[in-house]
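*Asks:* return a 3D structure for these sequence lines:
(one chain, ligands or ions: 2)
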Amino acid sequence: MVKIAPSILSADFCNLERDIQKVSSADWLHVDVMDGMFVPNISIGVPVVQSIRKHTGMFLDTHLMVEKPGRYVDAFAKAGADLLSIHLEADMPPALHAALDRMEDLGVQKGIVLRPITAAEAVIPYLQRGIDLVLVMTVEPGFGGQSFMADQLPKIAAIRTYIDRYCPACHLEVDGGVNTQTAGSCVAAGADVLVAGSAVYGAADIPAAIAALRG
Ligand code: DX5
Ligand code: ZN
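*Replies:* Ligands and ions are numbered 1, 2, ... in the order given. Purely as a prediction, here's the structure:
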């Protein structure tokens with residue numbers, strides 16, 4: 001069964017508790033952390049994750065769009081994130097592996113993320129070491145509400161074959177422009193977790209939108 005992870009980037013930050021409750025029929029909560037350096041936008045940080053943790057038992061799928069993410073692993077783990085995903089473009093491979101090691105020590109699930117420019121093959125050494133999630137961006141990270149990049153579908157399919165070969169329990173998540181028109185092709189390409197911001201929070205009936213995305 002496909003998991004749906006609504007992105008609170010599309011929520012009303014003044015009514016975050018209410019807006020998290022609105023998506024309680026979903027599987028995970030996707031938390032977009034942006035530092036204004038790795039991406040041009042600034043969103044939320046450690047204290048907000050800490051507050052969210054106090055108000056929900058949902059699995060916090062925390063997407064770190066930050067330079068040198070190893071600097072923040074301890075803080076987000078302590079704040080209550082269940083999974084941290086770090087971008088392959090955000091630091092050199094030894095530093096990224098060290099950040100993943102630290103997640104393991106702290107007992108948080110570990111994920112890697114690819115910008116649209118990054119090739120599928122880049123995930124192989126990480127799958128070989130063992131990770132919990134690969135996240136494929138189907139928009140340039142930084143903003144919600146952009147159009148789905150269909151040219152990323154072959155990459156999703158290629159990563160599915162690598163996951164099946166090297167790390168079969170690893171989740172394959174897609175983020176950016178996912179809606180009822182694009183969800184099916186992501187799942188057909190091998191995704192098992194779908195992030196959706198505007199398609200969920202922009203819907204008149206949010207539980208129905210979540211159910212429709214599950215297909
Ligand atoms: C973009 C974020 C996404 C974003 C998705 O940088 O990583 O999680 O919230 O929003 P939609 O679903 O509107 O494209
Ligand atoms: Zn995201």
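*Asks:* next, count neighbours for Val123.
*Replies:* 26 (other C-beta atoms under 10 Å). For glycine as for every other residue, the C-beta is placed from the backbone atoms N, C-alpha and C.
*Asks:* am I right that it sits in a helix?
*Replies:* Yes. If the criterion is DSSP: H, G, I helix; E, B strand; the rest coil, then Val123 is within a helix.
*Asks:* who's in contact with it?
*Replies:* For Val123, the contacting residues are Leu88, Ile112, Leu114, Val134, Ile159, Tyr162, by C-beta atoms under 8 Å, 6 or more residues apart in numbering.
*Asks:* distance of the closest residue in space to Ile206 that isn't next to it in sequence from Arg214?
*Replies:* Spatial nearest neighbour of Ile206, excluding adjacent residues (C-beta to C-beta, 6 or more residues apart in numbering): Lys22 at 5.0 Å. Look at Lys22 and Arg214: by C-beta to C-beta, to the nearest Å, they are 16 Å apart.
*Asks:* who's more crowded, the two?
*Replies:* Lys22 (19 against 15).
*Asks:* next up, the contacts around the closest residue to ligand 1 within the chain.
*Replies:* The chain approaches ligand 1 most closely through Gly197 (2.9 Å), counting by C-beta to the nearest ligand atom. By C-beta under 8 Å, 6+ apart, the contact list for Gly197 reads Pro6, Ser7, Ile8, Leu9, Ser10, His30, Gly144, Gly145.
*Asks:* pretty sure the fourth one contacts Ile42?
*Replies:* Okay, so that is Leu9. No. Leu9 is beyond contact range of Ile42, at 11.6 Å (criterion: C-beta atoms under 8 Å).
*Asks:* hmm, back to that, pretty sure the residue nearest to Ile206 contacts Ala204?
*Replies:* No. Counting by C-beta under 8 Å, Ala204 is not a contact partner of Lys22; they are 11.7 Å apart.
*Asks:* pull up the distance across stretch 143-156, start to finish.
*Replies:* 21 Å (C-alpha to C-alpha, to the nearest Å).
*Asks:* distance check, the spatially most central residue of the chain against Ala11.
*Replies:* Taking C-alpha atoms, centre = their mean, the centroid of the chain lies closest to His63, which sits 4.8 Å from it. Distance, His63 to Ala11, by C-beta to C-beta: 15 Å.
*Asks:* kindly report the same for Ala99.
*Replies:* Applying C-beta to C-beta to Ala99 and Ala11 gives a distance of 27 Å.
*Asks:* which bits of this protein sit near ligand 2?
*Replies:* The chain has residues Asp32, His63, Asp175 near ligand 2, with proximity defined as C-beta under 5 Å from the ion.
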